[in-house]
Structure formats: C-alpha cells, structure tokens
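> Take a look and give me a structure for this.
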Amino acid sequence: MGELVVGIDIGTTKVCTIVGEVREDDTYIVGLGIEPAKGMRKGMVTDVNALTASISSSVHKAERSSGYEIGRAFVSVSAKHVESMNSQGMTAIGGNRSVKMSDIVQAMEAARAVAVPHGREVLHVIPRRYNLDDQNGVRNPVGMHGYKLEVEAHLITAASASLENLEKCVEAAGVYVDRFILNPLASGDVVLTNTERESGVMVIDIGGGTTDLAIFIEGTVWHTAVVGIGGYHVTNDVAHVMNLPYELAEAAKLEFGHADPRTVNPLEVFPVQPFGEEHISQVKRSDLVEIINARVVELFELVLQEVKRSGYDGLLPAGVVLTGGASLLPGMKAIANRVMQMPARVAQPESISGMADPLRNPAYSTSVGLLRLGLIMDVEDERRDKLRGKERNRSVPSLNVTEPITNGLGKVLGGLFRRFTPNMTDDDT
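Now for the predicted structure:
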C-alpha cells in the first residue's frame, strides 16, 4: 500500500474531506465526507463555530467510511486576499563542477527572500525556468556546467489573519493543517493533460464564492489569481431581480438556468412564487437566462482582464479548461469561448478509483487534486530540508495506519515531482 493522505476542500458551499491512496496511475479513494459549508463567504471565514461544525461533520463522515482516524490534512484555500508575484533568485556555482540540486535549493531560497508586506505570508514558491550563465530558459540545470544559476519563480501569498482563522477552524475540528494549497493548483493537477501544460493553458476553477485561475506554460505555473465572483453571485442576481428566496432562486438556476440566451426557446416558461405573491407565477425562461448570462459574461470578462494584465494572453494555444461546481451550468463553455476567444472545455477529476463515483464531477476537482499535489509538495519540502540539514516535523500522525510507508513512494512521485523542480539522484546533492 502507498501512503494514505487526506485532503479537506473548504469552499463557500461545501466541505469535502477525502482519504485516498496516491498510486502511480491513479488515486484510490478509501474515504469520503461531504457536508454543506456554513460560516464561509467568498473563501473567508465569517463564523468560526459554524465552519468548525461543518468541517468536523465532514471529517467524521470520512473517518467512518474509511475506517481511519484523521489527524492531519492538506487544506484548500481560495479568497480575494490571495495574490501572486514573480521573483528571481541567484546563486554562484563554486569550483569547476556541474549544477547540483543543492544549488537549485539555494537559488529558490533567494527567490523566496523577497519583501512580503506585513500581515501576509508565502503560500507557494514555484520555479518557472532557470538561467545558467548566458543560457536562458533552461528546464533542468542539474548536471550542467556553469558559474551562475538564476531561477525565475512564481510566488503566491495570502493574508496571514485569514489563514489563521481557517486553520483555527480546522484544528478545532481535531485536524492538524499539514499545508494550505491554492485551489487552481490542486484542480489543475487532476484536470489538465501534460500536453496542455506544455503548450500553454489556463485552468478556471469556478466555485461558489470565487473563481480561481492558474496559467500553466512549459509545464509549470506562470500566473495565478482569484476573481471575487462565483456561482453564489449568479444565484443572488436571480433572487434579487426575480424577488425570490435564495433557495428558490438556486433551484430555478439548477433546473432551468443556462448561460447562453441563444439556445433557449423565448416562449418557454416555468412556475415560481415570488415574495409577496400568494399565487404561483409563470416566468419566461429567457428572462432567467438573461440574468444569468449578464453575470457569467462579467465573470469571463474579469478573467480575460486578469490574463491580459499578466501579459500571457498570447501564450495559451490550449485555451481554457473550466472546472468547479459552477462550470456545470449549461452554456458556460460557449460563453467562455465567445468572451475570451479561446478554445474551452469543461473537465472533471480523472484517474480516480475506489469510492470515486461521487467525485467524478467538476465540483470535486480541487478536493481530489489536494491529495496528489499535497504529497508532491511534501516530497519537495523533504528533499529541500534534507539538503539544508533540517528534519521536518512529523510528530502529528496523518492517519491511524498500521502499515508502514513503502519505499516505492519515490518511484510513484518521481515524474510528478518534476513538474515543480528537477528530479534528484543521490549524486546530485
């Protein structure tokens, strides 16, 4: 058996806890707990007690279905307080020798050592490409000869107070936060193909309270951002314009909603009972769709603005991959294609087995991606800390598992690890 890992995806609408075994070809799901989220809005904690209760219920369901006691987990994060920037780091290659993994670690540490504003902390530092002396765009400098190694890195930061509030809720539910992982990185790991990552693609994870995006070029992350609009805002517009309770507006959106007005019969109607009316009214479906379309168009226009701001809008031949619960709304693909003038597809988690049927849905892309990507990042940190002569804190058990971790885990993750940093052999240290 490989290593069992746990992911907790905490969103505006749901909390999903997954226990899974990360294997070479897939992720085998052994436990699952899904609970409506309370106490969250736009990725921010609004009620500690309510959110703690939601997380605790989700975790207990996963424990019962898996048979394991959960002690720690990788936890998703997404909110407008998340920001990104690019940085560079440099190190000298001493003596007449080739580049070692320890040199890359030093360059990455230099890239990380940027001035972060007070009240913010670094979530992720992801290498984009390397420069060795006068040679630019090196993908893997290990084993190459040179005198100066530079790394171009992508840094993702978040508001410390917001992370502390989220961590407080998770730990109050009895679970230690192993690390926070930004949503589109996790979802991108399970919905993108290697060809898309290499060619240039953007994953757009449309959740309940926010829309998260990540641009992948040359196999790695070049840009990330969070847009403060999601499925909640579409439903809220419907509720406001049609004078409906939020629950009825959500039901109308799910049953009759569509993002593309051109596909709807203008004569089609459906029944609703607005506030203040004693009798049921007949409403044109086209009116509902117009409300939805306006917000969806705004969403993709904001995403397009962010892409243009990044400067990478001309480097995405593979287009956009839509995922997240709100991407299930009919017509989303067509509007994304029309507004952004790029190829578009809707994707769900792939290469999963075991208790996987409920998770074959775009709404659970982040949930599934947390397991594999979290383990990749753990391997990365362990290798880095080994080179720096440090030991990682593993005093908190991940699961109450009696089977030992197999030595073959490195083989399983070797190819995955190369997405973030060059592979390392014992001779490279």
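
> The residue nearest to L302 when sequence neighbours are not counted bridge partners, please.
Distances taken as C-beta to C-beta, 6 or more residues apart in numbering place V227 nearest to L302, at 5.0 Å, with adjacent residues excluded. C-betas here are computed from N, CA, C, even on glycine. Partner residues in beta bridges with V227, using DSSP bridges, are T211.

> V227: how many residues sit nearby?
20 (other C-beta atoms under 10 Å).

> likewise S160?
Around S160 there are 14 other residues, counting by other C-beta under 10 Å.

> do the one 4 residues further on as well
Per other C-beta under 10 Å, the neighbour tally for E164 reads 11.

> Spell out the secondary structure type for it.
Following DSSP: H, G, I helix; E, B strand; the rest coil, we place E164 in the helix state.

> From S353, how far off is it?
36 Å (C-beta to C-beta, to the nearest Å).

> my guess is V297 meets A336, correct?
No: in this structure V297 lies outside contact range of A336 using C-beta atoms under 8 Å: 9.9 Å.

> So which of these two has more stuff around it?
Neighbour totals were compared for V297 and A336, and A336 leads with 29 against 15 (other C-beta under 10 Å).

> which one is that one nearest to, not counting chain neighbours?
A344 (4.3 Å).

> can you check P343 too?
G319 (3.2 Å).

> so that neighbour touches A347, yeah?
No: G319 is beyond contact range of A347, at 11.7 Å (criterion: C-beta under 8 Å).

> Surely I29 is within a strand?
Yes: using three-state DSSP, the assignment for I29 is a strand.

> distance of L244 from E218?
Per C-beta to C-beta, L244 is found 47 Å from E218.

> Who has more neighbours out of the two?
L244 (20 against 14).

> so who does the more buried one touch?
When contacts are counted by C-beta atoms under 8 Å, 6 or more residues apart in numbering, L244 touches V238, A252, V272, P274, F275.

> Secondary structure class of it, three-state.
Going by three-state DSSP: L244 is coil.

> And F180, by the same measure?
Per three-state DSSP, F180 ends up strand.

> what's the longest helix in the chain?
helix 285-310 (DSSP state H).

> Distance of the residue lying closest to P271 once chain neighbours are set aside relative to A62?
Leaving out its chain neighbours, the residue that sits closest to P271 by C-beta to C-beta, 6+ apart is I280, at 4.7 Å. Per C-beta to C-beta, I280 is found 41 Å from A62.

> of the two, who's got more company?
For I280 versus A62, neighbours defined as other C-beta under 10 Å are more numerous around A62 (27 against 10).

> Map the structural domains onto the sequence of this protein.
1-82+156-192+348-429, 83-155, 193-346 (automatic domain parsing).

> so I29 touches M355, yeah?
Yes: shown here, I29 and M355 form a contact pair, counting by C-beta under 8 Å, at 4.4 Å.

> Quick check on these two: which one has the bigger neighbour count.
Legend: neighbour count by other C-beta under 10 Å for I29 and M355, higher for I29 (25 against 18).

> list the contacts for the more buried one?
I18, V19, G20, I352, S353, G354, M355, A356, L359, V368 are the contacts of I29 under C-beta under 8 Å, 6+ apart.

> and these, which of them are in strands?
Using DSSP state E, the subset of the contacts of I29 located in strands is I18, V19, G20, I352, S353, G354.

> Which members of these are classed as buried?
For those, a burial check counting by 16 or more other C-beta atoms under 10 Å picks out I18, V19, G20, I352, G354.

> For those, could you give me a markdown table that also reports pLDDT?
Output for those, formatted as a markdown table (pLDDT from 0 to 100):
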| residue | pLDDT |
| --- | --- |
| I18 | 97 |
| V19 | 97 |
| G20 | 96 |
| I352 | 95 |
| G354 | 95 |
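
> ok, the residues you listed vs C169, which is closest?
Distance to C169 across those (C-beta to C-beta) is lowest for I18, with 17.9 Å.

> how close does the closest one get to D25?
18 Å.

> quick one, phi/psi of the residue nearest to A336?
Torsion angles at A344 (phi, psi; degrees, to the nearest 10) stand at phi -140, psi 150.

> That one contacts L316, doesn't it?
No: at 10.9 Å, A344 and L316 do not qualify as touching, with contact defined as C-beta under 8 Å.

> now the helices: where do they sit in the protein?
So, for the chain - with DSSP H - the helices run 48-66, 101-112, 160-172, 183-191, 194-199, 231-242, 246-256, 285-310, 332-340, 365-387, 409-417.

> Could you tell me the angle between the second one and helix 365-387?
Computed with axes from the mean of the first three to the mean of the last three C-alpha atoms, to 10 degrees, the direction of helix 101-112 lies at 120 degrees from that of helix 365-387.

> R139: how many residues sit nearby?
By the criterion of other C-beta under 10 Å, R139 has 12 neighbours.

> what's near enough to touch it?
R139 touches R129, Y130, E218, G219, P422, counting by C-beta under 8 Å, 6+ apart.

> Same question for P358.
Shown in contact with P358 (C-beta under 8 Å, 6+ apart): L32, I34, Y364.

> pLDDT below threshold where in the stretch 251-400 of the chain?
384-385, 387-400 (pLDDT under 70).

> swap the cut-off to 90 and go again
The model of the stretch 251-400 of the chain has pLDDT under 90 over residues 273-281, 350, 376-400.

> ok, back up a step: closest one to E196 out of the contacts of I29, please.
For the contacts of I29, the residue nearest E196 by C-beta to C-beta is V368; the value is 17.5 Å.

> Could you give the backbone dihedrals for the residue nearest to the closest one when sequence neighbours are not counted?
In space, V368 comes closest to P349 once its chain neighbours are excluded; the distance is 4.0 Å by C-beta to C-beta, 6+ apart. Main-chain torsions, P349, degrees, to the nearest 10: phi -60, psi 140.

> Return the residues in contact with the closest residue to L51 other than its chain neighbours.
Counting by C-beta to C-beta, 6+ apart, the nearest residue to L51 once its immediate chain neighbours are dropped is G39, at 3.3 Å. Going by C-beta under 8 Å, 6+ apart, G39 touches V45, T46, D47, V48, N49, A50, L51, T52, A53, S54, C169.
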